[in-house]
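Engineer: no FASTA, just this:
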């Protein structure tokens, strides 16, 4: 009998540091840099340090549907540093890909329906003909989604700084270059175009080739199959088993790491994600595997609660 | 003392008829044609008739956040008729425009934050400079939103069939023609570009010039001000006091009257919205007024519950 | 010895009728509906009838570079009918495809250089990565262009009324449907993206399946190879040997059949293209053939003179 | 009697240096960095130095219609430096703005017609309603064009690096920021949308605020009015009287300073434009003036010959 869940776990020691210079008369920030709490993602030793004594107090908010954790604050002019650290235990739900079906539209949970509609950066409505021609005749299930993921991976080239904040799935389809966010948007748009719910997930990267740059935030894809959200990494740059999940949403418009209102200069974020290995308690290093992975509890269709 | 809520009410007798020809092997539909139940919108004599004996039974679903009422069904090949009728009593919340402030970003209810982000048809992220130049220096409050509404109304010309299902706020800004949906998308995008939450509302029209065509579905705008969602009609074609509200969402992608999966031919919908007058119980005909109108209960920031 | 030019000729009897209703105070028209005079396209019995006695006289103008023939006139309010008839003898230059090379950039005639630049409807600059990935490794020459033509033909579906006057190669690449004009724009953009000069040609259709509608104007592609412009029909709907050429340009912006300035209602054009067969003098019906066809005199790189 | 042409002349000492690193196996270049020869622009002491001994010899080519001077060459791998120097005497044609009419469409020279059609970066076809609403009712003539120029100047903000090589008039209209090239594209598109021929001109800047950066190439606009092409600078950053003209075309796609085919790294161009003053022979420094300026010979409608 196969019980992968019982035996494989990973642990990530995570640190995030953000630095800003705030202009007068101050600025509002909404951060989504806290690791999500899900049945597969357990947090300990969580710590947040802000360099300013803020007035009013920062507000923390967890969205009841998505589980996304937001921090909202008003910063005074001057330097603002945000330091976040957490130890994350990951215990992925794992399945055999060939056993995972698509969910017929008439059986999709109502809360999931929104993820087949087009969104700012995933204009699925314009891709119906293309997606049907390329993927319409494939057998339904996880492997069709894997085919979409592979199509995106092979048609788009990873190139740092090749896109900007207004780049969408349409732009990536035309220009064929992008970063992880662009791969994710195109894969999401194509899934939705064949009526498979797909959403945008953010978090931290793990295992990427250092030639691509230092550890960074990461954008990837979750697709609703067989009653649960499974993770996909169309950029193919990393080891998905080591991703720590922050937030999920329709696309990048919903889950920016930081949304800023006011005059602010930003430095590049510093992200450190170190995997811990401890064979004595069954904790291994994240590694590539062909199993389907999910950090979702499944069955209800809600977004990870 | 002013107590407008206590004295003015409207009643709309509403009928909607949709007709489809479904091709083999059948099709899935998601309808959003039920009037919403809100504190300001009371329903009676509601009736839905479907021409097919459906198997499985249609599923009705009310979204707990938005209050949108969806009907999902799988239709067999052949004719499908959907007939909906309801009597709607409207009792708008009314306010003096000059008394309504904007809500500072740091005080926005968390559930409302999503309505300042860009969406499929409202690419606010590309309009920041334009919106700031045009509206950034105006006094904050209802009257600034009214200025945005007036700008859209005066810069765009209403023209039937001038846009299609992929037309967005950007297209309307460039081409300067559209239908009610396009006016709404542009107004929403401009509001969000100056950090005012705005959403897309659908329902039925009232009072439009018959020269523009028979009564039809209507798209309009709700803007979050002073702790409550207020209605705006940037197309200026109708009498907002007579609108019956069906659904609200980010934009048209969220609240289509009918989302269809499969081979289906549609006829134009038939909509009849007749206002009832009964002075004896204080029910008057909808009319244009300069008060701010809301069908929202306010204070909580949720979408109408 | 192979002398195809000496032995195969075609003859097309062509009639075009355009009908307009001109609003006050009149309107300006620029027509490009005259068959071009080229070494391969000989005209006889040409006749133009206008229903209005025009003041000032219409101006006919032949562009010295392209050979396009324009008719410019100012019409008074009321009906305007334009009837054009001509008998066209076609004697295509024909070549064996495998013998036709591309011209290196440094040897392109200066007048041809403009046809590798992007234009209104052929945004080649955004397709460099895609075109290089798909066609960059193919052997240079006619057959690479044929591969581009086949790619467009197999990735896009012909569908009447699926596009409009602002549809461009980018839109066709995304939405994968279009009419002959859209197939042409996409093929041109892809050729230019791999540095092969390509231009838009207009004229009349021949041999299309009547199920696609009555005979009509036609848009197709000419590509500069081996010192001469060769014809391609990416829509694959017709028999290119029977096309009568009107004009050539960067894209549809340059060679509209009618450009209208003022308030005018148009009826659908009536086009009749009848092929004449007369074996006694070597005139045969146009037919599909695998030879490369050109109506260009070649060698100089000018556009057909 | 007014004879401004006889009395005001300017002299610019111009140097341009371009530096490239060419990858194997070499690359093709097309340069348009030679000052045009026009009746108003006289050249002396012209010198071109290339750092490579090129094989085959570079080809110089002057387009007979536009007068644009192109240099085409194939460079070997390694460094390539292009140094160009010239002394330019400018003697602008000057007119009183209020005396300059628009040319009715039916009287436009045929060679000018192409400049009312949309092009890659000037999608005039989508701006008809906007342009008619904003400028349709103004009196015809130079002053209407000046109003278009002023509208662009006041609605768009100059910001270095705010756009890229695929930015078009549509993008500038939406995002409201750009560099001189973007101002030019938007002004051209708006002129064409009200049927006024307009073209893109390139050359060198003069008189710009050093805070905007070192002297650079410049893009500006020429509009066909009263039988002649007049210069406009919608970016408002410079002193148009000191511009040296290189090329003209539909838009930036036609007259890039350098079009490169192959693997090449470019350094920023070095441009030195020094005005000479010599009162003894009537040569003064370029200065802002309200006269209409043209470097065109006029009357024929050809592009400056």
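Structural biologist: Noted; the coordinates are in hand. This structure is a prediction, so every number in the text was calculated from the model and none was measured.
Engineer: Do a quick rundown of the helices in the stretch 101-250 of chain A.
Structural biologist: Listed in chain order, the helices found in the stretch 101-250 of chain A under DSSP state H, counting those that start in this stretch are A:110-113, A:128-135, A:142-155, A:169-175, A:180-193.
Engineer: Let me have those in TSV, extended by distance to residue B:286.
Structural biologist: For glycine as for every other residue, the C-beta is placed from the backbone atoms N, C-alpha and C. Formatted as TSV, the helices of the stretch 101-250 of chain A follow (distance: least, Cβ to Cβ, whole Å):
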stretch	distance to residue B:286
helix A:110-113	32
helix A:128-135	39
helix A:142-155	49
helix A:169-175	41
helix A:180-193	38
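Engineer: quick one: which of those has the weakest pLDDT on average?
Structural biologist: Across those, the stretch with the lowest average pLDDT is helix A:110-113; it has a mean of 92.
Engineer: Packing partners of that helix?
Structural biologist: Contacting helix A:110-113 under the criterion 3 or more Cβ pairs under 8 Å, 6 or more residues apart in numbering or on different chains; DSSP states H and E are the following elements: strand B:69-75.
Engineer: The strand it packs on close to chain A?
Structural biologist: Yes: applying Cβ under 8 Å from any Cβ of the partner chain, one finds strand B:69-75 in contact with chain A at B:70, B:72-74.
Engineer: Adding mean neighbour count as columns, could you present the helices of the stretch 101-250 of chain A in CSV?
Structural biologist: Supplementary listing: those in CSV, determined by neighbours: other Cβ atoms under 10 Å in any protein chain shown:
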stretch, mean neighbour count
helix A:110-113, 18
helix A:128-135, 18
helix A:142-155, 19
helix A:169-175, 23
helix A:180-193, 28
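Engineer: how about the ones you listed, which one is nearest residue D:272?
Structural biologist: Residue D:272 lies closest to helix A:169-175 among those, at 35.8 Å (Cβ to Cβ).
Engineer: residues from chain A in reach of chain C?
Structural biologist: Counting by Cβ under 8 Å from any Cβ, the residues of chain A that sit close to chain C are A:126-127, A:129-130, A:133, A:155, A:157, A:170, A:173-177.
Engineer: Return the closest of those with respect to residue D:181.
Structural biologist: Nearest to residue D:181 among those, counting by Cβ to Cβ, is residue A:175 at 20.0 Å.
Engineer: Mean pLDDT per helix and strand in chain A: which one sits at the bottom?
Structural biologist: Least confident helix or strand, chain A: helix A:4-7 with a mean of 48, by mean pLDDT, DSSP states H and E.
Engineer: tell me the mean pLDDT for the next helix or strand after that helix?
Structural biologist: Scanning the chain past helix A:4-7 towards its C-terminal end, the next helix or strand to appear is strand A:10-22 (assignment: DSSP states H and E). Averaging pLDDT along strand A:10-22 yields 97.
Engineer: And stretch A:94-107, by the same measure?
Structural biologist: Across stretch A:94-107, pLDDT averages out at 94.
Engineer: That one: which residues count as buried?
Structural biologist: A:94-95, A:100, A:102-103, A:105 (16 or more other Cβ atoms under 10 Å in any protein chain shown).
Engineer: likewise stretch A:43-53?
Structural biologist: Within stretch A:43-53, the residues that count as buried by 16+ other Cβ under 10 Å are A:43, A:48, A:52.
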